[in-house]
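1. Requesting a structural model of the entry that follows:
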Amino acid sequence: MGVQNIIDNQGVSLVITGMTIVFLALVMVSILIALLPKILDVLLPPESAEPAHGHSAHGHSAHGGAARTRESSDEALVAAIGVALHRRLNRK
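-> Just a heads-up that it's a prediction; the model follows:
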């Protein structure tokens with residue numbers, strides 16, 4: 001009953017078609033991921049990119065004091081989290 005319905009209603013060809021579509025979509029996603037660094041190099045030229053730590057090649061921030069303020073607030077946040085964890089873990 002179940003297998004005969006699949007054969008009568010062209011279920012095998014439908015399954016093969018669906019699997020092929022999914023496979024081709026996954027191949028296209030893989031190709032896009034592989035080409036993404038090259039695409040980004042074209043869209044974002046290297047001279048406009050900033051180093052990850054927020055300083056230019058000359059040791060100064062590209063945004064003046066804003067980067068230093070952000071770094072100091074990040075350090076203060078990390079310190080506050082550390083103190084809170086220390087107090088939490090050392091409760092008696």
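
2. Assign the most centrally placed residue in the chain to one of the three secondary structure states.
-> For the chain, the residue nearest the mean C-alpha position is I33 (11.1 Å; CA atoms, centre = their mean). For I33, the assignment made with DSSP: H, G, I helix; E, B strand; the rest coil gives helix.

3. Quick check: it vs A25, distance?
-> 13 Å (CB to CB, to the nearest Å). C-betas here are computed from N, CA, C, even on glycine.

4. joint contacts of the two?
-> Residues touching both I33 and A25 (CB atoms under 8 Å, 6 or more residues apart in numbering): none.

5. For whichever strand or helix holds G82, give the mean pLDDT please.
-> Assessed by DSSP states H and E, G82 sits inside helix 65-89. Across helix 65-89, the average pLDDT comes to 83.

6. How far does it sit from its chain's centre?
-> 25 Å (CA atoms, centre = their mean, to the nearest Å).

7. Same question for stretch 84-92.
-> So, by CA atoms, centre = their mean, the centroid of stretch 84-92 is 34 Å from its chain's centroid.
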